[in-house]
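Novice: Structure of the sequence below:
(chains A, B and C)
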Amino acid sequence: MIKALTERQNMRDAYQQVVRNKGAGGVDHMKVDDLLSHLTDTWAITKSFLEEGKYTPQPIKGVEIPKSNGKTRLLGIPTVQDRLIQQAMCQVLNPIFEAEFQTHSYGFRPNKSAHQAVIQALANINDGYQDIVDIDLKSFFDEVDHALLLELIHAKVKCPQFLLLLKRYLRAPIQINGKLIRRRKGVPQGGPLSPLLSNILLNELDKELEKRGHRYVRYADDFSIYLKSKKAAKRTGNSIFLFLKHKLKLPINKEKSGIRRPHNVSYAQKWCSGGRS
DNA sequence: TTTGCAGCGAC
RNA sequence: GUUGUCGCUGCAAA
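Specialist: Numbers count the residues shown, from 1 in each chain, chains lettered A, B, ... in the order given. Next up, the predicted model:
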């Protein structure tokens, strides 16, 4: 596994992906081949550190940005080198877990869009599932349980070096105005791996919902379950609340969660107007 | 058919 | 200062 990670082609792809984004956050505009040859020695060192489990990620930079609702969100931005390594990790993990993911999860996945999620939501309503349980996970990214996540990945990936590296990325301290702060839970919002990790954890929720035969739609941490009566919706909502709290150790924002009817499907309206339809 | 640039949206 | 994944649109070039 760690070998696949450090393969030259995988690193090349990871580099291109990192550089493709925006101003490339501190990467100078070297050509890929230049960089790779320039990295021959630097990268060899990094590579051996990765393979021997000696690599320690640098702290992530904490940046507060304003959200649309007036509050702020804390980003955790890894260094360019760590973004590159995480991207490479993402590329080897993605195909493994993509095979596991359920069809009604739409966030952060290749060939899946918010628009498709809306179509599915409307289809559920059209089929008579008109009582909708809407659950809002409280600052989901910041609450992810490390042990649980590592356990889920261990089930599919046995390579100890890879798991150690991943653990170190999860535990990397965050630096806010020069102060280093330890992190005991959560995935940094800003790391290339984070969206995939969030799906890996919430895939357990998907599997539970599938097992119970529910109609549902999930887009990242935002999801709804579609039932045929208010009573069933209430019961399911409570049950899933307990599942999330105990099995996945995720707190729920009770004020923003609840049961509603299709005419105020807020997110569908948002997606319809924004994402067209 | 494909690639490069720019922008928009979701979380 | 501002990161990330995914999706879409537009333009340009062969």
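Novice: pLDDT wise, what is the residue of the stretch 1-150 of chain A found nearest DNA strand B at?
Specialist: In the stretch 1-150 of chain A, the residue that lies nearest DNA strand B is A:A114 (4.5 Å; Cβ to the nearest atom of the strand). (C-beta placed from N, C-alpha, C; glycine too.) Note on A:A114: pLDDT of 86.
Novice: Show me where chain A has its helices.
Specialist: A:2-6, A:8-20, A:32-51, A:80-98, A:114-126, A:140-143, A:146-154, A:160-171, A:194-211, A:230-246, A:266-274 (DSSP state H).
Novice: With A:G258 as the reference, name the closest of those.
Specialist: With Cβ to Cβ as the measure, helix A:230-246 is the member of those nearest A:G258 (7.8 Å).
Novice: With adjacent residues omitted, what lies nearest to A:S229?
Specialist: A:D131 (5.9 Å; Cβ to Cβ, 6 or more residues apart in numbering).
Novice: check contacts around the one you found.
Specialist: Residues near A:D131 by Cβ atoms under 8 Å, 6 or more residues apart in numbering: A:Y226, A:L227, A:K228, A:S229, A:K230, A:A232, A:A233, A:I259, A:R261.
Novice: quick one on the thing from earlier: surely the residue of the stretch 1-150 of chain A closest to DNA strand B and A:Y219 touch.
Specialist: Yes: if you go by Cβ atoms under 8 Å, A:A114 and A:Y219 touch, sitting 6.1 Å apart.
Novice: shared neighbours of the two, anything?
Specialist: Shared contacts of A:A114 and A:Y219 (Cβ under 8 Å, 6+ apart): A:Y106.
Novice: Spell out which parts of the stretch 1-150 of chain A neighbour DNA strand B.
Specialist: Neighbours of DNA strand B within the stretch 1-150 of chain A, by Cβ under 7 Å from any atom of the strand: A:R20, A:G107, A:F108, A:S113, A:A114.
Novice: Can you tell me which of the residues you listed is nearest A:L165?
Specialist: After measuring these against A:L165 - Cβ to Cβ - the closest member comes out as A:F108, at 21.1 Å.
Novice: Tell me how many other residues crowd the closest residue to that closest one other than its chain neighbours.
Specialist: In space, A:F108 comes closest to A:P195 once its chain neighbours are excluded; the distance is 3.7 Å by Cβ to Cβ, 6+ apart. Using other Cβ atoms under 10 Å, A:P195 has 17 neighbouring residues.
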